[in-house]
Structure formats: structure tokens, C-alpha cells
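# Got a predicted model here, sequence first, then my questions.
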Amino acid sequence: MGRKKKKQLKPWCWYCNRDFDDEKILIQHQKAKHFKCHICHKKLYTGPGLAIHCMQVHKETIDAVPNAIPGRTDIELEIYGMEGIPEKDMDERRRLLEQKTQAESQKKKQQDDSDEYDDDDSAASTSFQPQPVQPQQGYIPPMAQPGLPPVPGAPGMPPGIPPLMPGVPPLMPGMPPVMPGMPPGLHHQRKYTQSFCGENIMMPMGGMMPPGPGIPPLMPGMPPGIPPPVPRPGIPPMTQAQAVSAPGILNRPPAPTATVPAPQPPVTKPLFPSAGQAQAAVQGPVGTDFKPLNSTPATTTEPPKPTFPAYTQSTASTTSTTNSTAAKPAASITSKPATLTTTSATSKLIHPDEDISLEERRAQLPKYQRNLPRPGQAPIGNPPVGPIGGMMPPQPGIPQQQGMRPPMPPHGQYGGHHQGMPGYLPGAMPPYGQGPPMVPPYQGGPPRPPMGMRPPVMSQGGRY
Amino acid sequence: MSLFGTTSGFGTSGTSMFGSTSTDNHNPMKDIEVTSSPDDSIGCLSFSPPTLPGNFLIAGSWANDVRCWEVQDSGQTIPKAQQMHTGPVLDVCWSDDGSKVFTASCDKTAKMWDLNSNQAIQIAQHDAPVKTIYWIKAPNYSCVMTGSWDKTLKFWDTRSSNPMMVLQLPERCYCADVIYPMAMVATAERGLIVYQLENQPSEFRRIESPLKHQHRCVAIFKDKQNKPTGFALGSIEGRVAIHYINPPNPAKDNFTFKCHRSNGTNTSAPQDIYAVNGIAFHPVHGTLATVGSDGRFSFWDKDARTKLKTSEQLDQPISACCFNHNGNIFAYASSYDWSKGHEFYNPQKKNYIFLRNAAEELKPRNKK
């Protein structure tokens, strides 16, 4: 087995120097002895996590890790199992052990080693091991624990793990969420979880969301093994398709490798690369004026004008870059045409059922539609300015609210009668009320029409 | 000058603190209460830009009015002026020189309010309520951008009654933000569009939404070089997504976090998930504040991915928030946002705007 590198030691607790057979047991020990809140006995996952918990929940500060030996009480150090142990302490430990084991027979030591690896193998294949290489932002550490097959979400994975190794590291950033909602997986995101204490952080993939009104719908849409939206934030690529994920992982590496290169230095990239390149990774030679530096940005030297050229030309050139190539994903299940799924077993959305914004809902009320000027108050308090008086709804061809009012007439009548039509009165309005009649036209059906084409802007007819 | 019903001169000489009674939970954070607050829910707040000396706060409400206060360094708030629309005011913004305030309303118009003369004129017209309004100041042009439920984004030179430009949106505009040269618009059906404003506004990219629920609020953030580089998007499902436009590593750099939820996952009761009503970035620290229907506000450090603070729960949802230009003041409005429907609306309930000193609490956490 080529996993010598692993820890070179049996798992041991940094806080109290005890040895353990298994990292799992080590972690349980740490949780129970070092990361347990003395007030409510809640077991946290790390020292900082405990500190934050005490601060937020009990408003108490703690400055030392409970039950730790002197010198090892630092509460700020984020140690989890064997991870996070400072290098010098590791060395110290190794030296200590070597001294000890030199006293013992060599054979015994080798036997121990092989036992250790076996344990790791079986442990890994049967239980979810936390990913030791949880990358910090922007940093992808090498797979430090080859013995620990970081194949996420593949508990049933046969011990053919080594072959996966090369392919897996690039997946790390994207992989964690593949852990379908297993509780260990939740804590796996501990760094973030603990930080946003009290509320769970969702990794980019958001795969861990326990109340997941959005999650179930994704399942049917999962093609076996190759969910395309790996780089897409916020979309759990795999939720519970564990068995499926195994082959998927194998097939995955090529894709993300392209998008997960070595972490780039935080160079300031121009915000808007030229339109044609927008889809690919950011290209180099783009200036801050949104155009490639090599091409002469002649257009940027246009004399300033208060009016724009016909918008169709300009927008046509930039809208070809939509990278949301797919229509809305199956997640539209939760935002059905008219209603939301607002309740699930574990959570409840405090929001009215219809999938319209709170303001839209409120604006429907007759109370807010009585647009008559309030008595005793001059509507604007000034005479309409000449040019403005002629301001009419500028859109040609847009049918005004369903015959409620013929296109606006009144010039200069600004006073508050923007609609100008007495027909505006509440009584005349069809009680717009119901969500469904209005919304269907807007369903996900027509994916964004290209600019320049104006789908009939049927403003919710007569609603306002 | 109309001053909220007071006679002349300045309004109430700023009794800033209401003696909050014992069990009353309307101001659990003991923040400064703005005097003469609007009579109906406050939908939008905006502080004056740095070009104006001092701090002036504008609030638009569902009582069809827009009010202006001067906020003094002592915390005293002095009502200054008010304008009316004929429909609820959904969004307000300032011009860059601080002389004008733009207001967007359910009456399908937007107005420009000249503070010096206290005159307001209509400058925009839509076919449906105008939900967002922003002033764009570019090197070669200036204009007002309005987004409406009529699915259009219009750009107005305030001197002309015809828009300079009209861009179609895939759906009704729900929220927007502008930091030159970038503009974001989030629409119904989880639409998300980035615009680049240089030279003239044009659509830059449509982004697949990182969130699964209805979009509710969006705020652009800047990088260390003070250029807009990404945005925070809040939904009705107690979640905010931090999304970079061109990140080196999208899978790692973009993330979402949950917020504004009740109960931990420990308890057996189902968790209540509240909408995120507003997001605002601290202009200096780059940390952000979110306010929700649960009646709390929270401060977050998106780079350290930590929460800095969560407030106590107010007895009403917090419907809007904003920072002043130097980040010393955080204003938030406590008023009903309709999250529980019509039944829970109590017109008698007072609506508040609170001011909080934000200089210290929003300092970023040191990354480990």
C-alpha cells in the first residue's frame, strides 16, 4: 500500500496527548471532552466552534479548551481529529513516538502500521470520513491523507479507491456537497458551519440543506452520474443518489479539472471582459473598459451624448453571452406557476403561498390602489413642467391595460392623474386578486427572449 | 416646506429615544428612533451621498409619501420635508451631488425631487408600478434607471419625457443595484441579469440563479480596489447567495448561507424561514448587513464567511435598511412587510426607523 504518508502516527489528541485506534474515535473523544459546552453540554466540532457557541448562545467567553493539558489549550486553533495540528507539534509527537517505538521491537511497529491502514480502508468504505483537505478559500491543499479515500458520498464504494485518488483532488472543491445529506456531511462543512454559528452555511453546492424544498426536485433530473452543474453555485449536484454518484465521480474529473486549476493569485480581473469571451474563463488582455485591450476601443471615445443610439444594436452584441444556457432548472418545482411550496416537514416558509413578491401582493389591495390624491394635499405641489407634461408611456404597441384605459391622453395634466383616466377608480378595476390568472403568461416557458424582441409586455392587465 | 403636520421651522426637536416601556419589544436593540416616522410600512431607505455635508435620510412608505430627515451627529433626527406620490413609494435614491432625490412608486411613475426648491416633477412613466430606481453617473452620461413590474428597465434623462433607452427584462423587476460600471437586476422567476454601464447600459450576462426561491433583494459589493466585483442576492427563503462575476474558482468562491430563520435544527418544531428583505454593504469595511421578516438584522463578513452579529428580535419585520455614506450609521425600518399576508396587518401599529452606530460592529473578522 502506498499510504505511508498518512499520519505516521496513530490518531492522537492534540489537546490531551492521548492515543486512539481510529480517527473516528479520536473525534468522538474530542467532541465529548474538549468541545463540549459546559453550560448546555452541546457537543461542538472544533475549539473555535465551541467558543462561538458559548458566545452566541450563552453570551459567555471561554479562553481555554476544557480538559486540555497546559500548553495545548488554545481555543483559537482549529483542530479536528488529526487535522489542524501544527506541524511542530506533529514533529514533536513523531519524535516522541519514535523514541518509544525504538524501544519496542521493529516487527511490532510494522504490524501496527499495516493494521492501521486496514482500519482506514475499511473505515473509509463504511463510514463517511471527513474530508481532510477541506480547502480554504482559494487554497487547495494536496491530498494529505492518501489513506483516506476522500471519495465523498460513496459509502458503498468498493476498496478500489486508489485509482480514484488522482482524480479526486481536483474535485475537492466541488465535491463536498456530493455528500448527500448525511449528518456527518453536515459537520463536514464545519469550518463554515461553526463560523456562521447558529445558522448553517451552505457550501456552494448547497447540497446539505436539510429542509430542502428545492432538493427533491433535482433528483429526477439527475442524469446518472454526470450532473453538469458542477461549477454552478448553489445547485446540489447530487443529493441522495449515492450509488449513482460513484460512477459519476469517476467520470467527473475531466470536467472540473478544467475549471479547478491551481488557485490563482487574487489578481484583479476586469469585471466585464469583452462580450464574446464572457463565457470562458476570464481572458487576459481585457481592459477596464470592457473591451479587449488589443482591439482599439474606438467606440469608447464617442462624444458623450445624452441619448443612446438605438438600443437594439448595442444589446444584440452583448446578449449572446448568456451563460445560463439551460432553461430554468427543474428547481422551478418549488416556484410553481402560481404557488410556492411553503411548508415541508422540517421547515416553513413565512411567506404567502403565491409566488409573487410581497409588494405585488400588497399592491393589489384596493386600499393601495386608490390613487386619488389625498384630500387637502396638493398632489405634487408644483405646476407641471412643460416638457414633462407630454410624457406619455413611451412604448409603442404596448396595449395599455386591457382596455381599461385607452392610451394616455392628457397632456400636462400631471397632477396626480398619471393614468389620467377616471376609469381608474377602484370599482372599475377587476378585482385582480388572484395570482393564477396573472401569472401563467410568465411561466418559465419562454426563456429569455433575445433583446430587441419585445414580447408583449402585458403588464398585469388592469391590475394596477 | 411641509413638515409632517407640524407648524413651522423644524419639527419636534428630536426626542430621539422613546422611553421604551417594559415589555414592549419594538426596539429591543435600544437604537435611536427616527422622529415622525411614516404612517404605513416603510419600503425603502436611503442616505445622502458624501457630497452633502451631514447625513440626510430619505424614506419611502406605503402611505404614498417620501420623507426626508436630517440626522445629526448627536443622533437627533429632524424632519425636513416630504413629498407625495399617488401610490405607495417603492424605492428612493439620491443623485450623486445630493441635490435631488428620485422616487419610484406604485403609481407607475418616478419623480425627481429637487430638495432645494422642494419641488418634485415626474420624470418617468411605466405601465406598472416602478419597483427600483437608481441614479447612474457615468463619465459620459448621467441618467435615472427605473425597473418596473412591466418587465422593462428604462433609462431617463430627466429633461425628456421619452426614455433614453428601454431594455426588456425576462420578468418583473423585483430588485436592483447599481455601482458604476455594473448594474444588477433580479426579476421574478429567479431571473438575474448583470448590466455593464460603461458607454451606455447594455446587458452583460444573464446568470443562473444561485438561489432556489424568489429573489427579493440584491446588493453589489466591491473588491479591494473598490471596483464592483460581485453581488449578494437574498431570497424569500432565508438565504443569501454571494456571487462573484468573474471568480477564479466559482465553485469555491461563490457560496450561499442561511439566515433569518427561527429555531436551530436541534428543536423538533419545524423551522420558520423568513424572507430576506434587504441587504446592504458597509461602504468602508465591505461587510454586509441583512434584514429579514423575522424582525432581526444580522451583520456578516463574507470574506471570512462568518456572522458578526445578530440582533434581538423586533416585534415587526424589518422591511428596509441602509448605511450612510461613511458607514457610521446603519438605518433599519421596522414595519410590516406582508410576509404573513393580509391577516396580520395592523394599521394601528406604529412603524419605526431605527438608527444604529455601525462603525464598530461591522469591522471584519480577522481571518484565521
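Done, it's in.
# need the contact list for residue B:66.
Taking C-beta atoms under 8 Å, 6 or more residues apart in numbering or on different chains as the contact definition, residue B:66 lies against B:58-60, B:82-85, B:89, B:92, B:101, B:103, B:113. All C-beta atoms are positioned from the backbone trio N, CA, C, and that covers glycine.
# Neighbour-wise, which one of those residues leads?
residue B:89 (32 neighbours; other C-beta atoms under 10 Å in any protein chain shown).
# From what I see, that residue and residue B:46 are in contact.
No - using C-beta atoms under 8 Å, residue B:89 makes no contact with residue B:46, being 11.1 Å away.
# Mind listing the shared neighbours of the two?
With C-beta under 8 Å, 6+ apart, residue B:89 and residue B:46 have no common neighbours.
# for chain A, where's the lowest mean pLDDT among helices and strands?
Taking mean pLDDT, DSSP states H and E as the measure, chain A has helix A:311-318 as its least confident helix or strand, at a mean of 37.
# Next secondary structure after that one?
With elements assigned by DSSP states H and E, the helix or strand that comes after helix A:311-318 is strand A:347-349.
# Which elements pack onto that next one?
Secondary-structure packing of strand A:347-349 (3 or more C-beta pairs under 8 Å, 6 or more residues apart in numbering or on different chains; DSSP states H and E): strand B:271-273.
# Mind listing what's buried along the strand it packs on?
B:271-273 (16 or more other C-beta atoms under 10 Å in any protein chain shown).
# by contact count, what packs against it?
Short answer (3+ C-beta pairs under 8 Å, 6+ apart): strand B:271-273 packs on strand A:347-349.
# What mean pLDDT does the strand it packs on get?
Across strand A:347-349, pLDDT averages out at 85.
# Send over stretch B:209-219 as PDB, restricted to the C-alpha atoms.
Taking Å, rounded to 0.1, in the frame of the first residue of the first chain, the C-alpha atoms of stretch B:209-219 are listed here in PDB:
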ATOM      1  CA  SER B 209     -29.700  32.000 -10.000                       C
ATOM      2  CA  PRO B 210     -27.700  30.600  -7.200                       C
ATOM      3  CA  LEU B 211     -30.900  30.500  -5.100                       C
ATOM      4  CA  LYS B 212     -33.900  28.300  -5.400                       C
ATOM      5  CA  HIS B 213     -36.500  30.700  -4.300                       C
ATOM      6  CA  GLN B 214     -38.000  34.000  -5.300                       C
ATOM      7  CA  HIS B 215     -35.500  36.800  -5.400                       C
ATOM      8  CA  ARG B 216     -36.100  39.600  -3.000                       C
ATOM      9  CA  CYS B 217     -33.100  41.900  -2.700                       C
ATOM     10  CA  VAL B 218     -29.700  42.400  -4.200                       C
ATOM     11  CA  ALA B 219     -26.700  44.400  -3.400                       C
END
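# any idea how far that stretch is from the chain center?
For stretch B:209-219, the separation from the chain centroid amounts to 15 Å (computed by C-alpha atoms, centre = their mean, to the nearest Å).
# Assumed residue B:252 was part of a helix.
Yes - secondary structure of residue B:252 (DSSP: H, G, I helix; E, B strand; the rest coil): part of a helix.
# Residue A:30 and residue B:312, how far apart?
33 Å (C-beta to C-beta, to the nearest Å).
# higher neighbour count, the two?
Remark: of residue A:30 and residue B:312, residue A:30 carries more neighbours, 27 against 12, as counted by other C-beta under 10 Å.
# contacting residues around the more buried one?
A:13, A:15, A:79-81.
# three-state assignment of it?
helix.
# Please report how far it lies from chain B.
To chain B, residue A:30 is 18 Å away according to C-beta to the nearest C-beta, to the nearest Å.
# Surely residue B:156 touches residue B:143?
Yes - contact criterion C-beta under 8 Å: residue B:156 and residue B:143 qualify, at 5.9 Å.
# hmm, back to that, dump the buried residues of strand B:271-273 to a markdown table, plus pLDDT and distance to residue B:333.
Converted to a markdown table, the buried residues of strand B:271-273 look like this (pLDDT from 0 to 100; distance: C-beta to C-beta, whole Å):
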| residue | pLDDT | distance to residue B:333 |
| --- | --- | --- |
| B:271 | 85 | 25 |
| B:272 | 90 | 21 |
| B:273 | 93 | 21 |
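# Does residue B:135 touch residue B:96 like I think?
Yes - between residue B:135 and residue B:96 a contact is recorded at 6.3 Å, counting by C-beta under 8 Å.
# And the two? Which one has more around it.
When neighbours are counted by other C-beta under 10 Å, residue B:135 and residue B:96 differ, and residue B:135 comes out ahead with 21 against 14.
# What residues of the helix or strand hosting that one count as buried?
For residue B:135, the host element (DSSP H and E) is strand B:130-137. Residues B:130-136 are the ones in strand B:130-137 that count as buried (16+ other C-beta under 10 Å).
# which residues of the stretch 251-368 of chain B score low on pLDDT?
Where the stretch 251-368 of chain B drops to pLDDT under 70, the residues are B:264-268, B:367-368.
# Quick one: name the residues of it near chain A.
Applying C-beta under 8 Å from any C-beta of the partner chain, one finds that the stretch 251-368 of chain B approaches chain A through B:251-259, B:261, B:264-265, B:270-275, B:293-294, B:300, B:303-307, B:310, B:337-342, B:368.
# Are any of those buried, and if so which?
Judged by 16+ other C-beta under 10 Å, buried ones among these: B:251-259, B:261, B:271-275, B:293-294, B:300, B:304-307, B:310, B:337-339.
# So residue B:101 lies in a strand, does it not?
Yes - under three-state DSSP, residue B:101 falls within a strand.
# separation between it and residue B:254?
Counting by C-beta to C-beta, the gap from residue B:101 to residue B:254 is 34 Å.
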